[in-house]
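Q: I need the structure of the sequence given here:
(chains A and B)
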Amino acid sequence: MASFSTAQPLSLPRHPTFSNPNQPTANNDRSSHTISLIDRCSNLRQLKQIHAQMVRTGLFSDPYSASKLFAISALSHFASLDYACKVFDQIPQPNSFTWNTLIRAYASGPDPLRSISVFLDMVSDSRFGPNKYTFPFLIKAAAEVSSLSLGQSLHGMAVKSAVGCDVFVANSLIHCYFSCGDLDSACKVFTTIQEKDVVSWNSMITGFVQKGSPDKALELFKKMESEDVKASHVTMVGVLSACAKTRNLEFGRREDAKRLFDKMEERDNVTWTTMLDGYAILEDYEAAREVLNSMPKKDIVAWNALISAYEQNGKPNEALLVFHELQLQKNIKLNQITLVSTLSACAQVGALELGRWIHSYIKKHGIRLNFYVTSALIHMYSKCGDLEKAREVFSSVERRDVFVWSAMIGGLAMHGCGNEALDMFYKMQEANVKPNGVTFTNVFCACSHSGLVDEAELLFKEMESSYGIVPQEKHYACIVDVLGRSGYLEKAVKFIEAMPIPPSANDGAHVLLSNIYAKSGKWESVSELRKHMRVTGLKKEPGCSSIEIDGTIHEFLSGDNEHPMCEKVYGKLNEVMESLKANGYEPEMSQVLQIIDEEEMKEQSLNLHSEKLAICYGLISTEAPKAIRVIKNLGYSGNGKNHHQPMSARCVLPSSN
DNA sequence: GGCGGACTAC
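A: Residues are numbered from 1 along each chain as shown, chains lettered A, B, ... in the order given. Take a look at the predicted model:
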């Protein structure tokens, strides 16, 4: 049995006599020997050795052998598109299989549309037309780029080429129509398939799950069972995720998911991770953790699922703990998704040191700053108080999408650079990037912090008419905030009363509304609203401030007695308050009007705001002139995920004395 | 001569 070693060159038959018609048996032997070697290659270096030998022995001019080498170079786990192209160019007369292989490689590569150019080359340069193998790859490319028109053209061509009824072609069309959002066409294709196979069903089930109709997915699954089609593990991934996503409709389905999972014959990392994610969606972190622990081979995707579940559900500290645990694992490489989720968790608690560590990790490992990573870095630096670093990241990238621009606008907004944020908003449009709902939230937030009332009102009017974005509740809340903060209380109340959408279960907006009623003396409205909040179970999210000292995050709630050093913290607070009063500080009593809750009233009068506690902890734990950065959890700026994002991050005070 | 489709995490 031939085997590879890194020390020894490969040994292949040496006689360059491939085309000698007198030795057919020897040639066939040589060819099949080489092909078996190709199949057992485990890295590019070995493959290149075989390639070299094949050229030397003349075996490369055999189209069949050459196509085998090419297929491995283009599709194996160590494939290299660059190298594969070179191999392809050396093949004198590529056959249909070879063309299809190249198209396939491009379709699942970073630039799927290149498979379309290869297809055009094939049609014009070779005698081969597309066949039933070609279309699924091309249609996959159309799905990757979500191009409905391309999908439709390919659909038409497939029908003309008489392969429209091929189940592989039809299944790829279902997938394509789903990813282009044309659900009707997907269903139409599905109904026309004569002999549906398990993949046809899977494409429909996962399509519905991904397009937000988990109920339809479960319905289809039942139909599939009634038609005696045996489910595969991919079916289960779709069904498990549908079960998790319908949690609000029927809690019992979670048990369905568990039963399904337990009786599954084939479990791979995807199924495990889906199960993990299902528990995480239900916020049953213990169960999610148990799934991770039971996984035979934990991969980075599973770790990411747990980290991002914590991060997205407002549990950034837990996310960071899991990340630290992940760092201790050997042989698991962090990827861009790990970094994005962790950076977002850093931003939520103000973990600047860890955020910096991740940034240097990115640089050290040459990880590409894609749009997600870039936005996450800008967001993290802004929230953690280092606006300059955020700007640096922003300037360092050549291409910026709407999220990158929005993150920078949001960063400027939370640092009070309203005019600059507006400039950025116009520059973004000069760069031909269309703003989205998140952009507007951040722009309004900038206006709010800088008192740019006219600008905000104008943009709010233009938002739908000129930009085609229907204002959401959070945008209305932003405008109320802009008006309220600038003292236009009557206007704010009128604005709220004229809102076309009712304020829904949004605690922040209720408090805001209540504050506005209170400021304008509408005490009756205040008590009505408070009753409404009590009845509907709404509570104001408690304000929480955090500060990072030597890489550890310390959190403070208002009136907090939990911190081990709280006595010293309160001592410092008294000292600061005395010193402030001695220097002529008088508390702004009109602010008390804003307070709607007795508890808060008490806290306010006793100076127990969480920010003050965090600042005082910073004062006793650091030496001047180190900056003290305090992060607050409440606010309206953000990425649209929720409204509990930290809003301000600033250098508050230099250490005193 | 042989090839292919559907699934998890930002």
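Q: mean confidence score for the helix or strand containing residue A:320?
A: For residue A:320, the enclosing helix or strand under DSSP states H and E is helix A:316-327. Here helix A:316-327 scores 96 as its mean pLDDT.
Q: now do stretch A:291-306
A: Rounded mean pLDDT across stretch A:291-306 is 94.
Q: Give me the distance between residue A:105 and DNA strand B.
A: To DNA strand B, residue A:105 is 11 Å away according to Cβ to the nearest atom of the strand, to the nearest Å. For the C-beta atoms, the positions are set from N, CA and C on the backbone; glycine is no exception.
Q: Give the residue spans of the stretch 401-550 of chain A that score low on pLDDT.
A: Along the stretch 401-550 of chain A, segments meeting pLDDT under 70 span A:502-505, A:507-542.
Q: Tell me which stretches of the stretch 1-150 of chain A form helices.
A: Secondary structure of the stretch 1-150 of chain A (DSSP state H, counting those that start in this stretch): helices located at A:24-39, A:44-57, A:63-75, A:81-90, A:96-107, A:114-125, A:134-144, A:148-160.
Q: Residue A:550: which of these is closest?
A: helix A:44-57 (45.0 Å; Cβ to Cβ).
Q: Just want the angle from the closest one to helix A:81-90.
A: 10 degrees (axes from the mean of the first three to the mean of the last three Cα atoms, to 10 degrees).
Q: which stretch in the helices of the stretch 1-150 of chain A has the least confidence?
A: Across the helices of the stretch 1-150 of chain A, helix A:24-39 has the smallest mean pLDDT, namely a mean of 76.
Q: For that one, what is the distance to the chain centroid?
A: Centroid separation for helix A:24-39 versus its chain: 47 Å, with Cα atoms, centre = their mean, to the nearest Å.
Q: Remind me what the helix or strand where residue A:301 lies packs against, helices and strands.
A: Counting by DSSP H and E, the element that carries residue A:301 is helix A:300-312. Packing partners of helix A:300-312 (3 or more Cβ pairs under 8 Å, 6 or more residues apart in numbering; DSSP states H and E): helix A:269-281, helix A:285-294, helix A:316-327, helix A:336-349.
Q: coming back round to it: pipe the helices of the stretch 1-150 of chain A into TSV and attach mean neighbour count per row.
A: Converted to TSV, those look like this (neighbours: other Cβ atoms under 10 Å):
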stretch	mean neighbour count
helix A:24-39	15
helix A:44-57	17
helix A:63-75	21
helix A:81-90	16
helix A:96-107	23
helix A:114-125	16
helix A:134-144	25
helix A:148-160	17
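Q: Adding distance to residue A:196, write those helices out as a markdown table.
A: Formatted as a markdown table, those follow (distance: least, Cβ to Cβ, whole Å):
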| stretch | distance to residue A:196 |
| --- | --- |
| helix A:24-39 | 33 |
| helix A:44-57 | 39 |
| helix A:63-75 | 28 |
| helix A:81-90 | 34 |
| helix A:96-107 | 24 |
| helix A:114-125 | 27 |
| helix A:134-144 | 16 |
| helix A:148-160 | 17 |
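Q: right, so of these, which gets closest to residue A:317?
A: Closest of these to residue A:317 is helix A:134-144, at 36.9 Å (criterion: Cβ to Cβ).
Q: ok, back up a step: quick one: the helix holding residue A:320 to helix A:285-294, angle?
A: Helix A:316-327 and helix A:285-294 are oriented at 10 degrees to each other (the same axes, to 10 degrees).
Q: what about helix A:316-327 and DNA strand B, any contact?
A: No: applying Cβ under 7 Å from any atom of the strand, one finds helix A:316-327 separated from DNA strand B by no less than 10.8 Å.
Q: can you pull the contacts of the residue in the stretch 1-150 of chain A that DNA strand B sits nearest to?
A: Proximity of the stretch 1-150 of chain A to DNA strand B (Cβ to the nearest atom of the strand) peaks at residue A:64, 3.2 Å away. Neighbouring residues of residue A:64 by Cβ atoms under 8 Å, 6 or more residues apart in numbering: residue A:31.
Q: Residue A:204 too?
A: Per Cβ under 8 Å, 6+ apart, neighbours of residue A:204: A:174, A:186, A:187, A:190, A:217, A:220.
Q: what's the answer for residue A:418, then?
A: Counting by Cβ under 8 Å, 6+ apart, residue A:418 makes contact with A:412, A:446, A:447, A:449, A:450, A:451, A:452.
Q: The fifth one: neighbouring residues, count only.
A: If I follow you right, that is residue A:450. Neighbour count for residue A:450, taken as other Cβ atoms under 10 Å: 22.
Q: gap between stretch A:555-575 and the chain center?
A: 37 Å.
Q: Hmm, I typed the wrong one, I wanted stretch A:62-70.
A: Relative to its chain's centre, stretch A:62-70 lies at 40 Å (Cα atoms, centre = their mean).
Q: cool, and stretch A:381-388?
A: That offset, for stretch A:381-388, works out to 21 Å (Cα atoms, centre = their mean).
Q: Mind listing what's buried along it?
A: Using 16 or more other Cβ atoms under 10 Å as the test for burial, stretch A:381-388 gives A:381, A:382, A:383, A:384, A:385, A:386, A:387.
Q: Among those, which one sits closest to DNA strand B?
A: So of the buried residues of stretch A:381-388, ranked by how close each gets to DNA strand B (Cβ to the nearest atom of the strand), first place is residue A:383, at 15.0 Å.
Q: So the closest one is in contact with residue A:350, correct?
A: Yes: here residue A:383 lies in contact with residue A:350, judged by Cβ atoms under 8 Å, at a distance of 6.6 Å.
Q: residue contacts, residue A:334?
A: Residue A:334 makes contact with A:300, A:326, A:361, according to Cβ under 8 Å, 6+ apart.
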